[in-house]
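Peer 1: predicted model, plus sequence, below.
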Amino acid sequence: MNGLYRPRHGRIIGGVCAGLAQRFGMAPWTVRLLALLSCLLPGPQFVIYLVLWVMLPSEDRYMARAH
């Protein structure tokens, strides 16, 4: 499973960081820390998180579409 989706397990808020971590082979806490630190910088990080939350399919929908 190399796709980008929000996993069913390991979510904290929306599962975006967990999905990115799983896709790129990183630990979820690392991605969460990077996301949190990036919020200290000016930019649309929070908006990007919300867009990804809406756009990324959940694991169930991703698996149903993959088969």
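Peer 2: It's in. Predicted, not measured: the structure shown is a model, and the values here were computed from it.
Peer 1: can we go C-alpha only for contacts and neighbour counts from here?
Peer 2: OK.
Peer 1: once you drop chain neighbours, what's closest to residue 58?
Peer 2: Of all residues not flanking residue 58 in the chain, residue 6 sits nearest, at 4.7 Å (CA to CA, 6 or more residues apart in numbering).
Peer 1: low-confidence ranges in the protein?
Peer 2: 1 (pLDDT under 70).
Peer 1: pretty sure the residue nearest to residue 58 contacts residue 59?
Peer 2: Yes - counting by CA atoms under 8 Å, residue 59 is a contact partner of residue 6 at 5.6 Å.
Peer 1: if you count surrounding residues, which of these two has more?
Peer 2: residue 6 (27 against 18; other CA atoms under 10 Å).
Peer 1: so who does the more buried one touch?
Peer 2: With contact set as CA atoms under 8 Å, 6 or more residues apart in numbering, residue 6 has these partners: 14-16, 18-19, 56-59.
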